[in-house]
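[1] Pasting a predicted model and its sequence here:
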Amino acid sequence: MSRPSGSRGKVTAVVGAQYGSEGKGAIVAHLAHDYGIHVRTGGPNAGHTFYAGGKTHVMQSVPCGWINPLADVYIGRGALVEPAKLAEELDHIEAFMPGARARVRVDAFAGVISEAHYAEEGGIKGDIHKRFGSTGKGVGASRRDRMSRLIENFTFMHEIAQEFGFEDLIVEDTAAEIYSGAIDGYDVLLEGAQGSGLSLIHGTWPYVTSNDTNAASLAADAGMPPQWVSDVILVARTMPIRVAGNSGPLHDETDWDSLSCRLGRSVTEKTTVTKLTRRIGSWDPSLFDKSVRLNGATQVALTFLDYLGDGSDYGVRSMHKLSQSTLDF
């Protein structure tokens, strides 16, 4: 862990302001060295990407904060894990940074996405993707079985740890360890998944994910007292996206050809999980204001500034060199 301050550590939540893919992974990696404890809950239906050491790192389970060699990283009790994907990520981080795996902790009672859950939803070929734009990774089916208390259909991480070689990662109660770390002065970062607009409760139902995605739920899923979350960093794109297909309303939707023409360079984006081309819209002030209100945002990380105007801010790395139109925005 990074050296504690001597008083109780602060707890920061990083939350997406829109429909996911706002660049949370890059923001968390940028902040990684400021926090001794990183926590991720959610599920592998959200991929967080960042670049370091000349390589691309795509995380669907392990917190991006592993890039800090002094940080402990936790997959909390509220998480759902796809075992094969977790094994793949562990191999990746260990190859890039030997010893990184030893800093990963997984709650014994985090849930498992089984092959049956995935088969039920069917990925991008399944009915749930066609109806709601879901990734179809089995996350919703797994959460349903946990809520239904179907013992025969739902498995916890401690039950499959030996099968997948995860015994060294399992912690009986990650919330207790994270709590103790904060008491001892270590700062904690809660890494949110997806975005506020995809909240099951506050989003554009039925085109939403299967849980709440806001800061209060991050604290609950990690087992942190909600009043300890003193900072909420809202990550917002200048041009929000939604996943491909019938994925719900999108303010002033455009297309990649039109955007490329305006910017004078070819741009397109595919989702980390489904690999399908994203839908893209324009800045939605009402959605942003709602996200600020729901999360009590204390800071905003604004991404994709290069999509504004004529794209002249592409590659700019200092505030004073930004165009006037971007500064006005």
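    Great, that's in hand. Quantities reported herein were computed from a predicted structural model and do not represent experimental measurements.

[2] C-alpha from now on. contacts and neighbour counts both.
    Will do.

[3] Where do the strands of the protein begin and end?
    Ranges of strands in the chain, per DSSP state E, are 11-16, 37-40, 48-52, 55-59, 72-75, 80-81, 104-107, 111-112, 170-171, 188-191, 229-237, 241-242, 279-280, 299-303.

[4] mind putting these in a markdown table, mean neighbour count and distance to Glu120 included?
    Formatted as a markdown table, the strands of the chain follow (neighbours: other CA atoms under 10 Å; distance: least, CA to CA, whole Å):
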| stretch | mean neighbour count | distance to Glu120 |
| --- | --- | --- |
| strand 11-16 | 27 | 28 |
| strand 37-40 | 29 | 25 |
| strand 48-52 | 19 | 25 |
| strand 55-59 | 16 | 24 |
| strand 72-75 | 28 | 25 |
| strand 80-81 | 26 | 16 |
| strand 104-107 | 24 | 25 |
| strand 111-112 | 25 | 15 |
| strand 170-171 | 21 | 28 |
| strand 188-191 | 27 | 28 |
| strand 229-237 | 22 | 32 |
| strand 241-242 | 24 | 23 |
| strand 279-280 | 22 | 26 |
| strand 299-303 | 16 | 35 |
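
[5] mind giving me CSV with those strands and columns for distance to Asp212 and mean pLDDT?
    Formatted as CSV, the strands of the chain follow (distance: least, CA to CA, whole Å; pLDDT from 0 to 100):
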stretch, distance to Asp212, mean pLDDT
strand 11-16, 11, 98
strand 37-40, 14, 98
strand 48-52, 18, 95
strand 55-59, 20, 96
strand 72-75, 17, 98
strand 80-81, 14, 96
strand 104-107, 20, 98
strand 111-112, 17, 96
strand 170-171, 25, 98
strand 188-191, 14, 98
strand 229-237, 15, 98
strand 241-242, 17, 96
strand 279-280, 22, 96
strand 299-303, 20, 97
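
[6] Which one, of those strands, ends up nearest to Ser148?
    Smallest distance to Ser148 across those (CA to CA): 13.4 Å, for strand 111-112.

[7] Remind me what that closest one packs against, helices and strands.
    Packing partners of strand 111-112 (3 or more CA pairs under 8 Å, 6 or more residues apart in numbering; DSSP states H and E): strand 80-81.

[8] Residues contacting the strand it packs on, please?
    Residues outside strand 80-81 that contact it (CA atoms under 8 Å, 6 or more residues apart in numbering) are Thr41, Gly42, Gly43, Pro44, Ser61, Ala110, Gly111, Val112, Ile113, Val139, Ser142, Met157.

[9] quick revisit: go through the strands of the chain and name the closest to Gly197.
    Comparing the strands of the chain by CA to CA, strand 11-16 comes nearest, at 8.4 Å.

[10] The closest one vs strand 229-237, what angle?
    Note on geometry: by axes from the mean of the first three to the mean of the last three CA atoms, to 10 degrees, strand 11-16 and strand 229-237 are set 20 degrees apart in direction.

[11] export strand 11-16 as CSV, just CAs?
    In CSV, the C-alpha atoms belonging to strand 11-16 read as follows (Å, rounded to 0.1, in the frame of the first residue of the first chain):
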residue,chain,number,x,y,z
VAL,A,11,-12.8,7.4,0.3
THR,A,12,-13.3,8.5,-3.3
ALA,A,13,-15.8,7.1,-5.7
VAL,A,14,-15.2,7.4,-9.5
VAL,A,15,-18.6,7.2,-11.3
GLY,A,16,-19.6,7.4,-15.0
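
[12] Could you pull up the residues touching the residue nearest the centre of the chain?
    Closest to where the C-alpha atoms of the chain average out (CA atoms, centre = their mean) is Ala193, at 2.6 Å. Counting by CA under 8 Å, 6+ apart, Ala193 makes contact with Val15, Gly16, Gly20, Lys24, Thr41, Gly42, Gly43, Ala46, Thr213.

[13] Repeat the analysis, applying 7 Å as the threshold.
    By CA atoms under 7 Å, 6 or more residues apart in numbering, Ala193 lies in contact with Gly42, Ala46, Thr213.

[14] If we only consider these, which is nearest to Met147?
    Gly42 (15.2 Å).

[15] what's the spacing between that closest one and Asn214?
    According to CA to CA, to the nearest Å, Gly42 and Asn214 sit 11 Å apart.

[16] Ser325 too?
    Ser325 is 31 Å from Asn214, where distance means CA to CA.

[17] In TSV: the strands of the chain, plus distance to Ala219.
    Output for the strands of the chain, formatted as TSV (distance: least, CA to CA, whole Å):
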stretch	distance to Ala219
strand 11-16	8
strand 37-40	10
strand 48-52	19
strand 55-59	20
strand 72-75	13
strand 80-81	16
strand 104-107	15
strand 111-112	17
strand 170-171	18
strand 188-191	7
strand 229-237	7
strand 241-242	25
strand 279-280	30
strand 299-303	18
